[in-house]
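*Asks:* sharing a model that was predicted from the sequence below.
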Amino acid sequence: ADTAKYIFTAIGQSLAAVLGITMMVVLLVVQLAAARYSHSLIQLYIEDRSNTFILSLFVVSIVYSFWVGNTVKDTFVPTIGLLVALVLATACFVSLIPYFRHVFGFLEPEAIVSRLESKAIVAMKAGADEKEADRRIVNRMGQIGRIATTSVSQMETDVAVNAIQSVERLCRYHLEFRGRGNDPKIHPVEIEALALLNRIYGLALNKARDVTYAVAGSSRNIAEAALKLGRGEVLRESLKLLNSMLRASINEKDSLSIYHLLHQYRLLAETLLAQCDDRILEVMFFFKYYALAAEQARVRFIVDTVAYDLNILCQKAWQCGSPVLEPVLDSFLEMEPYLERHGEREVLYPVRKMYG
C-alpha cells in the first residue's frame, strides 16, 4: 500500500512538473516566432489539435493518479488502477518526443503560411455570408502578407516567395470561386491581394530580386486568370499593378527587375493577343511609355528590351494570323516617332534594328 501511494504521488507530481516546463518552453518559442512573423501564430497554436491532445493527456493522467491514489488503503491496493496510471505516464513521456518535433515543424514559416492558406480556403467554402467570408479571407491574406514583408526585411527570400505564391493561389482560387456567375466587379479579396503584391514589390526593390521576380510572375498569373474568367475589373487592376511596379522600378533604377517585369508583361500581352483582346494596344502603348520613362531616368538598355518585346508581339500576331495584326504593327511602328517627339533620338538605333 505504501509503495502504491508513493507511485501514484510520484506520477502526479512528475507529470505536473514536466507539463509546466514543456508549456513554458513551447509558449516562449511560440511567442518569439509570433513576434518575428505574425501574431496570428498564437491563434493557430491554440487551435492546433495536437496541443489540445497533449495537454488533455497530461491533465487526465495527473488527475487520474491523484484520485485513484486516494483510494489506496492498507487493506486495498488498486492493482489495475496502478497499471493504468503507469501506462498513462509512459504515454505522456513518450509523446513528448513527437510533440517537440511537431512544435518545431509547426513554427516553420512555410508551415505557418500553409495553415493560413488552408484556413482561408475553408472560410471560402464554408457557405457563410459572402461579405463575412471575404472578411476572413482578407484577414488571413493580410497575415500571410505580414510574413512576406517581414521575411523581405530579414532577407529570408525563400519564405517571402512562398508567401507570395500563397497570396496568388488564394486570389486565383477566389476568382474561380466567385467568378462562376460571371461577376464583373472586383472583390475585397482581389483588392487586398494586389495591394499586398505591390507593397512587397516596393520593399524588395534593389534588395531581394528573387522576390521581385516572384511578384511579377504572380501578378501576371492573376491577370491571366481574370482574363480567362472574363473578370474585366480585376484584369484592369492587375494592369495597373504592373504599371505601378514598372514605375517604381524605374524610380529605383532597378534594371534587372525592370527586365523581368517587362518579360512578364510581354507574356501577358501574348495572352491578350491570342484572345484578340483590344487591350493589347493599351499594353503596347505602356511598353513605349515606360521605355521613354526609363531612358529619361537614365536606366540604360530598356528601350532595346521594349523594342525586342514589341517585335516579338508583332511576329506572334503575324504567325497566328491575328485580326489585330495591323493595329499591333502600327503601334510598333509608332515607337520611333514617339521617342523622336520626346527628344530621344540617340536611342533610335535599336528600334530601327528591330524594324529591320
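*Replies:* That came through, no problem.
*Asks:* next one: phi and psi at residue 208?
*Replies:* Dihedral pair for residue 208: phi -130, psi 90, per degrees, to the nearest 10.
*Asks:* that one contacts residue 152, doesn't it?
*Replies:* Yes - using CB atoms under 8 Å, residue 208 is in contact with residue 152, at 5.5 Å. Backbone N, C-alpha and C define where each C-beta goes, glycine included.
*Asks:* check contacts around the nearest residue to residue 157 once chain neighbours are set aside.
*Replies:* Once flanking residues are discounted, residue 157 sits nearest to residue 210: 4.5 Å by CB to CB, 6 or more residues apart in numbering. With contacts defined as CB atoms under 8 Å, 6 or more residues apart in numbering, residue 210 is in contact with 157, 160-161.
*Asks:* quick revisit: which one of residue 208 and residue 152 has more residues nearby?
*Replies:* A count of neighbours by other CB atoms under 10 Å puts residue 152 above the other of residue 208 and residue 152, at 26 against 21.
*Asks:* now the residue nearest to residue 157: which helix or strand?
*Replies:* Taking DSSP states H and E as the criterion, the element that holds residue 210 is helix 209-229.
*Asks:* what about this protein, any weak spots by pLDDT?
*Replies:* Along the chain, the model assigns pLDDT under 70 to residues 127-128, 179-184.
*Asks:* re the thing from before, now intersect the contacts of residue 210 with the helices, please.
*Replies:* Members of the contacts of residue 210 lying in helices (criterion: DSSP state H): 157, 160-161.
*Asks:* out of these, who has the most neighbours?
*Replies:* residue 160 (27 neighbours).
*Asks:* name the nearest residue to it, sequence neighbours excluded.
*Replies:* Setting aside the residues directly before and after it, residue 160 is nearest to residue 151 in space (CB to CB, 6+ apart), at 4.0 Å.
*Asks:* and the one you found, how many neighbours?
*Replies:* With other CB under 10 Å as criterion, residue 151 counts 27.
*Asks:* what ranges do the strands span in the stretch 151-300 of the chain?
*Replies:* Under the criterion DSSP state E, counting those that start in this stretch, the stretch 151-300 of the chain contains no strands.
*Asks:* residue ranges of the helices in it, please?
*Replies:* 157-178, 188-204, 209-229, 232-252, 255-274, 279-296 (DSSP state H, counting those that start in this stretch).
*Asks:* quick check: buried residues in the fourth one?
*Replies:* Looking back up the chat, that one is helix 232-252. Using 16 or more other CB atoms under 10 Å as the burial criterion, the residues of helix 232-252 that qualify are 234-235, 237-239, 241-246, 248-250, 252.
*Asks:* re earlier: need the overlap of contacts for residue 208 and residue 152.
*Replies:* Contacts common to residue 208 and residue 152, judged by CB under 8 Å, 6+ apart, are residue 160.
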